[in-house]
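Colleague: Build me a structure from this.
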Amino acid sequence: MQVEILTPEKKLFAGDVYGVQLPGVSGSFEVLEKHAPIVSALGSGVVKILLDKTGKSNSYKIAGGFMEVLDNKVSVLVEGATAI
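Modeller: Model prediction:
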């Protein structure tokens, strides 16, 4: 599954991953490979990129944004993010 994290200024992350955990406005949720198409608003919190099944991950603190899953690709659009 492909994941991109984009801000208005730059692309923070792009790559092939196992999954991604996201802070939805009504609670956290996770997207894995072959997820159904979805568009969701994101609240403030942490986006956790699951790089593989062993638990390796990258995390970014966000203040909010939107995400879309389509054709096994997750696009995360945020106003700003900080790697943690």
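
Colleague: can you give me the helices for the chain?
Modeller: With DSSP state H as the criterion, the chain has no helices.

Colleague: Contact partners for the residue nearest to residue 14 when sequence neighbours are not counted?
Modeller: Closest residue in space to residue 14, ignoring its immediate chain neighbours: residue 4 at 4.8 Å, by Cβ to Cβ, 6 or more residues apart in numbering. Just so you know, the C-beta spots here come from the backbone N, C-alpha and C atoms, and that holds for glycine as well. Each residue near residue 4 by Cβ atoms under 8 Å, 6 or more residues apart in numbering is listed here: 11, 13-14, 73-76.

Colleague: With residue 82 instead?
Modeller: By Cβ under 8 Å, 6+ apart, the neighbours of residue 82 are 60-61.

Colleague: Bridge partners for it, pull those for me.
Modeller: Listed beta-bridge partners, residue 82: residue 61 (assigned using DSSP bridges).

Colleague: Okay, the closest residue to residue 48 other than its chain neighbours and residue 10: tell me how far apart.
Modeller: Nearest residue to residue 48, sequence neighbours excluded (Cβ to Cβ, 6+ apart): residue 21, at 4.2 Å. Residue 21 is 22 Å from residue 10, where distance means Cβ to Cβ, to the nearest Å.
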